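Undergrad: this is a predicted model, with the sequence first.
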Amino acid sequence: MEKNVVEIWEDCLKIIKDNINYQSFKTWFLPIKPLKLKDNVLTIQVPSQFFYEWMEEHYIGLLKKTIKKELGNEGRLEYSIIMDNSENNAEPYSINIPTGEKKAVLNPSVSMPIDLNRGSSKEIPNPFIIPGLKKIKVNSQLIDSYSFNNFVEGDCNRLARSAGYAVANNPGKTAFNPLLLYSNTGLGKTHLSHAIGLQVKENFPDKTALYVTTDQFTNQFIDSVKNNNQNDFIHFYQMIDILIIDDIHNLGGKEKTQDVFFHIFNHLHQKSNQIILTSDKPPVEMKGIEPRLLSRFKWGLSADLQVPDLETRIAILHKKLYNDGIEIPKEVVEYLAHCINTNIRELEGALISLLAQSSLNKKTITLELAKQMIDKFVKNTSREISIDYIQKVVCDYFNIPIEMIHSKTRKREIVQARQLSMYFSKKHTKASLASIGLHCGNKDHATVLHACRTVNNLVETDKQFRIFVEELDKKIKL
Ligand code: ADP
Ligand code: MG
């Protein structure tokens, strides 16, 4: 039986997947929809003009080979491009790409050419333009210290950071438009969004970048309504090359502002200007935002920032101290990073209080001082003990390198440290047995149970061991 278009495309994907890395596969090939197969011409739908150009530039060779394999020498590929997602939506355009050896050419019979400036052919008079000056002057409101350089990379932020970096090097021209960064408060959304803006300004001094909070944007809009110059407001925003709007969830329930933002968004997106948004929630969980806006938020990439792990928190503190030229004992830094583990802003706050206390009272910064301060500082904020922290305490205590926990070694002292880490993780965290096992040397849940039993038995029968466990318990709860 003949294969249908979906099956053919699935087979193509298998070949493609074997030939490129997974991230590229996911970014560029998974969003494609196979549309039809007729007379050996396979039509695939790609989400945008940019997408199509990218495929042509980077994957044409691979696509040719793949099509040849699947459809034979006569096989051809046709793209259908979703040109414009705004309301005056036309039928998707199609371009034929012969996959033979000839250089790819656009088929003249098709309803192209593509008008990159579609939607806005005539110049809009702009009230903000000073006559004689080509570009308007915009105070970008970017804060210099929120740079990529000062943004510590960790597992918690890798995707968002690298997407941000890609956007900064190619604003409006990656698939990440809009780029939506989301996380709980204090985890670096604002910092990262500034970093992108700063980097764009460095790379492309001619582009206008603007950072605004959603509240500023809303208030400006309300003012413009009062002063009856809404059009100026809209035109101003429509001229920005890289628009960063922070805390977009604050648009919730503000219908008029959403409406005006909708038009600005469409205009910028059509011109391939870059939009960067931040939010405290992913689009699916945002409340009070119109569906048409929410769906637009999902066009590009939504990337989250997670709570940083202990190592990253320590690195962040070190970076701040280094930038400020301050030295404090290593164990104090580690102590702070351990105590304050869910919010980077609070972590910085604790460091600042500590520095202030020491300079005001002329005390040297010691672990003791840090403990007193933290006691007051985080009395009421709940602190979560993590598996990685427990491992660190246990390994420090027995003076063994933390990597050994994750190794396969069966040396007695390592096995014991591993078992103790499992035991304390069971006792002090909410993690499941399976997850504890995974984090302690890739073991299964039965091994964790066995470890807990072994420790309990030893505590009852071995006095020295009981002392270890009690001391460790104190250190962990510190
Ligand atoms: P959010 O906007 O998510 O509430 P912010 O961007 O305001 O968080 O970050 C809070 C503080 O933490 C800022 O001072 C910021 O510089 C700092 N910060 C956050 N993430 C990092 C990081 N990865 N490296 C260095 N500092 C960070
Ligand atoms: Mg913020």
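TA: Cool, got the structure. Residues are numbered from 1 along each chain as shown. Ligands and ions are numbered 1, 2, ... in the order given.
Undergrad: okay, now the unreliable bits of the stretch 1-150 of the chain?
TA: Applying pLDDT under 70 to the stretch 1-150 of the chain flags residues 1, 49-50, 83-137.
Undergrad: contact residues of it facing ligand 1?
TA: Within the stretch 1-150 of the chain, the positions lying close to ligand 1 (Cβ under 6 Å from any ligand atom) are residue 150. Any C-beta I mention is one placed from the backbone N, CA and C, and that applies to glycine too.
Undergrad: ligand 2 contacts on the stretch 51-200 of the chain?
TA: By Cβ under 5 Å from the ion, the residues of the stretch 51-200 of the chain that approach ligand 2 are 189-190.
Undergrad: show me where pLDDT drops low in the stretch 151-300 of the chain?
TA: In the stretch 151-300 of the chain, no residues with pLDDT under 70.
Undergrad: burial count for the residue in it that ligand 2 sits nearest to?
TA: Sorted by distance to ligand 2 under Cβ to the ion, the residues of the stretch 151-300 of the chain start with residue 190, at 3.3 Å. Residues contacting residue 190 under the criterion other Cβ atoms under 10 Å number 20.
Undergrad: which residue comes closest to it once chain neighbours are left out?
TA: Computed as Cβ to Cβ, 6 or more residues apart in numbering, the closest residue to residue 190 that is not its neighbour in sequence is residue 246, at 5.6 Å.
Undergrad: give the contact list for the one you found.
TA: Each residue near residue 246 by Cβ atoms under 8 Å, 6 or more residues apart in numbering is listed here: 189-190, 193, 211-214, 278.
Undergrad: looking at the residues you listed, which are in helices?
TA: Using DSSP state H, the members of the contacts of residue 246 that fall in helices are 189-190, 193, 214.
Undergrad: re earlier: give me the subset of the contacts of residue 246 touching ligand 1.
TA: Applying Cβ under 6 Å from any ligand atom to the contacts of residue 246, those adjacent to ligand 1 are 189-190.
Undergrad: returning to what we had before: test my guess that the residue of the stretch 151-300 of the chain closest to ligand 2 contacts residue 145.
TA: No - using Cβ atoms under 8 Å, residue 190 is not in contact with residue 145; the gap is 11.7 Å.
Undergrad: work out the gap between stretch 367-375 and the centre of the chain.
TA: 34 Å (Cα atoms, centre = their mean, to the nearest Å).
Undergrad: and the contacts of that stretch?
TA: Here stretch 367-375 has contacts from 329, 331-332, 335-336, 339-340, 350, 353-354, 357-358, 363, 478, using Cβ under 8 Å, 6+ apart.
Undergrad: repeat for stretch 393-410
TA: Against stretch 393-410 from outside (Cβ under 8 Å, 6+ apart): 391-392, 413-414, 416-418, 420-421, 424, 440-442, 468, 471-472, 475-476.
Undergrad: now do the same end-to-end measure for it.
TA: Terminal residues of stretch 393-410 lie 20 Å apart, using Cα to Cα, to the nearest Å.
Undergrad: buried residues of that stretch, list them for me.
TA: 393-395, 400, 404-405 (16 or more other Cβ atoms under 10 Å).
Undergrad: secondary structure element holding the closest residue to residue 354 other than its chain neighbours?
TA: Nearest non-adjacent residue to residue 354, counting by Cβ to Cβ, 6+ apart: residue 373, 5.4 Å away. Element membership for residue 373, per DSSP states H and E: helix 367-377.
Undergrad: I'd assumed residue 450 was in a helix, is it?
TA: Yes - when classified by DSSP: H, G, I helix; E, B strand; the rest coil, residue 450 is found to be part of a helix.
Undergrad: state the pLDDT value of it.
TA: Residue 450 is assigned 95 on the pLDDT scale.
Undergrad: what's the burial count for it?
TA: Neighbours around residue 450, by other Cβ under 10 Å: 14.
Undergrad: ok, residue 248 next?
TA: Residue 248 - counted by other Cβ under 10 Å - has 28 other residues nearby.
Undergrad: contacts only, for the closest residue to it other than its chain neighbours.
TA: Using Cβ to Cβ, 6+ apart and skipping the chain neighbours, the partner closest in space to residue 248 is residue 277 (4.5 Å). By Cβ under 8 Å, 6+ apart, the contact set of residue 277 is 178-181, 244-245, 248, 297.
Undergrad: how about 6 Å then?
TA: By Cβ atoms under 6 Å, 6 or more residues apart in numbering, residue 277 lies in contact with 178, 180, 245, 248.
Undergrad: quick check: the first one touching residue 298?
TA: No - taking contact to mean Cβ atoms under 6 Å, the distance of 8.9 Å between residue 178 and residue 298 leaves them out of contact.
Undergrad: ok, the closest residue to ligand 1 within the chain - contacts?
TA: For the chain, the residue closest to ligand 1 is residue 188, as judged by Cβ to the nearest ligand atom, at 2.7 Å. Neighbour list for residue 188: residue 305 [criterion: Cβ under 6 Å, 6+ apart].
Undergrad: from the contacts of residue 277, which ones fall inside strands?
TA: When these are checked against strands (DSSP state E), the matches are 180, 245.
Undergrad: and the two most separated of the contacts of residue 277?
TA: 180 and 245 (10.1 Å; Cβ to Cβ).
Undergrad: run a quick neighbour tally on residue 216.
TA: 13.
Undergrad: that one sits in which helix or strand?
TA: Using DSSP H and E, residue 216 falls in helix 214-226.
Undergrad: list the contacts of that helix.
TA: 230, 233, 245, 247-248, 250-251, 254, 257, 260.
Undergrad: how about 8 Å then?
TA: With Cβ under 8 Å, 6+ apart as the criterion, helix 214-226 contacts 212, 230, 232-233, 245-251, 254, 256-257, 260-261.
Undergrad: swap in stretch 441-461?
TA: Stretch 441-461 is contacted by residues 405-408, 418-420, 422-423, 426, 432-434, 436-437, 440, 465-466, 469 when judged by Cβ under 8 Å, 6+ apart.
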